[in-house]
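*Asks:* structure here, sequence nowhere to be found:
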């Protein structure tokens with residue numbers, strides 16, 4: 001893989017990394033992506049892309065491909081776990097698309113990655129490149145990989161998730177914190193639960209505490225129903241996309257829930273289980289010619305369904321700040337990017353932790369109405385003022 005000090009490197013070929021690669025290439029930069037996996041595999045969770053994320057994907061030329069396998073939830077519904085009473089209902093079909101300029105899509109992570117990979121040249125993705133050490137100097141950044149190889153780039157974007165090697169190189173090693181919450185994931189055929197209401201909606205059953213909930217939404221153009229359930233549990237701390245759980249244990253956690261919610265769990269044949277980890281908002285995402293995006297910068301709990309959306313927004317705003325910027329101006333442009341994005345992402349990160357958003361209704365415009373393609377860019381003066389404020 002040919003790189004040079006005129007190349008922008010990205011560590012991580014996940015959603016944020018590939019979105020950034022597409023956007024930066026369109027902004028005129030030579031881009032290479034380093035990915036630790038040996039190949040793209042169909043692993044990971046099914047995800048909810050709200051209109052802010054879909055609008056950003058549309059601008060990247062990815063939205064049409066994503067729509068092929070995705071479902072479009074009709075509503076976003078909140079229900080009380082025991083009585084089943086609706087506490088909020090937001091229309092997410094035609095009227096929401098007219099309001100926000102894009103629909104809500106629910107899609108498997110692998111299908112979204114495939115749509116992104118169709119747009120970015122495969123020969124500029126270096127697979128089986130797990131970063132081990134990163135060293136920056138005035139001329140650029142050197143990445144050392146566990147296989148003994150190295151790459152030299154002019155600037156580096158860390159899109160390598162909550163356990164980011166780039167983050168550790170920039171700010172020192174620090175482990176994410178176990179939340180005391182585990183999540184169960186399952187998919188059931190829609191025909192198996194055909195008698196239940198609201199199968200075409202994104203429905204959130206709010207539990208007796210902020211850590212307990214069941215979320216369901218359609219997948220595969222409505223052929224399947226995805227179930228995502230969380231509950232407090234200190235005894236399981238394994239963070240995994242593929243670890244099997246126990247269906248009987250799943251059902252036992254939610255015996256106090258409404259019969260309609262329990263019927264969905266009764267339909268499950270298998271379930272996956274993972275522990276949830278988090279970090280606090282960071283005071284900075286950039287250092288010289290290095291920057292963080294997505295979960296590397298602001299890993300968040302899934303309770304606002306904005307993890308992928310924030311990473312995609314980061315990618316677009318990052319590229320807009322770097323458009324037409326020569327390598328000697330990248331550090332300043334990255335500082336401007338941080339200024340433009342850090343307040344919004346941190347607000348969503350903390351809101352996700354609090355897990356109260358839209359429980360009783362409210363205005364979703366500040367999240368769904370954000371347009372990464374037209375949001376104001378930061379200026380050097382704004383970045384300087386933000387830096388001064390952070391040191392006070």
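*Replies:* Right, received. Where do you want to start? Values in this document were obtained by computation on a predicted structure and should not be read as measured data.
*Asks:* least trustworthy helix or strand in the chain by mean pLDDT?
*Replies:* Counting by mean pLDDT, DSSP states H and E, the chain has its least confident helix or strand at helix 380-391, which shows a mean of 53.
*Asks:* so where's this structure uncertain?
*Replies:* 42-44, 381-392 (pLDDT under 70).
*Asks:* any idea which residue sits dead centre in it?
*Replies:* With distances taken as CA atoms, centre = their mean, the residue of the chain nearest its centroid is residue 308 (2.1 Å).
*Asks:* quick one: it from residue 259, how far?
*Replies:* Applying CB to CB, to the nearest Å, the value for residue 308 to residue 259 is 32 Å. C-beta: built from backbone N, CA, C; applies to glycine.
*Asks:* which residues are in contact with the residue nearest to the centre of the chain?
*Replies:* The neighbours of residue 308, taking CB atoms under 8 Å, 6 or more residues apart in numbering as the test, are 15-16, 47-49, 53, 109, 112.
*Asks:* just the residues you listed: which are in strands?
*Replies:* Residues of the contacts of residue 308 located in strands (DSSP state E): 47-49.
*Asks:* who wins for most neighbours among the residues you listed?
*Replies:* residue 49 (26 neighbours; other CB atoms under 10 Å).
*Asks:* returning to what we had before: and of the contacts of residue 308, the nearest to residue 321?
*Replies:* Ranked by distance to residue 321 (CB to CB), the contacts of residue 308 are led by residue 16 at 15.5 Å.
*Asks:* go ahead and confirm that closest one touches residue 160.
*Replies:* No: using CB atoms under 8 Å, residue 16 makes no contact with residue 160, being 9.3 Å away.
*Asks:* ok, the two, which is more surrounded?
*Replies:* Using other CB under 10 Å as the criterion, residue 16 and residue 160 rank with residue 16 on top: 31 against 28.
*Asks:* intersection of neighbour lists for residue 16 and residue 160?
*Replies:* Residues touching both residue 16 and residue 160 (CB under 8 Å, 6+ apart) are residue 296.
*Asks:* tell me which residues are up against the longest strand along the chain.
*Replies:* Secondary structure of the chain per DSSP E: the longest strand is strand 177-189. Contacts of strand 177-189 with the rest of the structure, by CB under 8 Å, 6+ apart, involve 45-46, 211, 219, 223-234, 236-237, 245, 250, 253, 264-265, 267-279, 301-302.
*Asks:* tell me where this protein has helices.
*Replies:* 15-26, 51-59, 63-69, 94-100, 109-119, 165-171, 247-252, 259-266, 307-322, 330-354, 365-368, 380-391 (DSSP state H).
*Asks:* which one of those helices lies nearest to residue 197?
*Replies:* helix 259-266 (6.9 Å).
*Asks:* show me what that closest one is packed up against.
*Replies:* For helix 259-266, the elements it packs on are strand 213-219, strand 224-232, helix 247-252, judged by 3 or more CB pairs under 8 Å, 6 or more residues apart in numbering; DSSP states H and E.
*Asks:* how far does it sit from the chain's center?
*Replies:* 28 Å (CA atoms, centre = their mean, to the nearest Å).
*Asks:* and for stretch 220-234?
*Replies:* 16 Å.
*Asks:* what residues does it touch?
*Replies:* In contact with stretch 220-234 (CB under 8 Å, 6+ apart) are residues 45-46, 69-71, 106, 108, 180-190, 193, 199-200, 207, 209, 211-219, 250, 253-254, 264-265, 268, 276, 302.
*Asks:* ok, now stretch 73-85?
*Replies:* Outside stretch 73-85, the residues touching it (CB under 8 Å, 6+ apart) are 86-93, 104, 106, 198, 200-208, 212-214, 217-218, 256-258, 260-261, 358-361, 364.
*Asks:* show me the residues you listed that map onto strands.
*Replies:* Taking DSSP E as the definition of strands, the contacts of stretch 73-85 contribute 86-91, 106, 202-206, 213-214, 217-218.
*Asks:* and which of these is nearest to residue 317?
*Replies:* residue 106 (24.2 Å).
*Asks:* was I right to think the closest one contacts residue 218?
*Replies:* Yes: counting by CB under 8 Å, residue 218 is a contact partner of residue 106 at 6.1 Å.
*Asks:* returning to what we had before: just the helices and strands packed on helix 259-266: most buried one?
*Replies:* Per residue and on average, the most neighbours among the helices and strands packed on helix 259-266 fall to strand 213-219, with a mean of 23 (mean count of other CB atoms under 10 Å).
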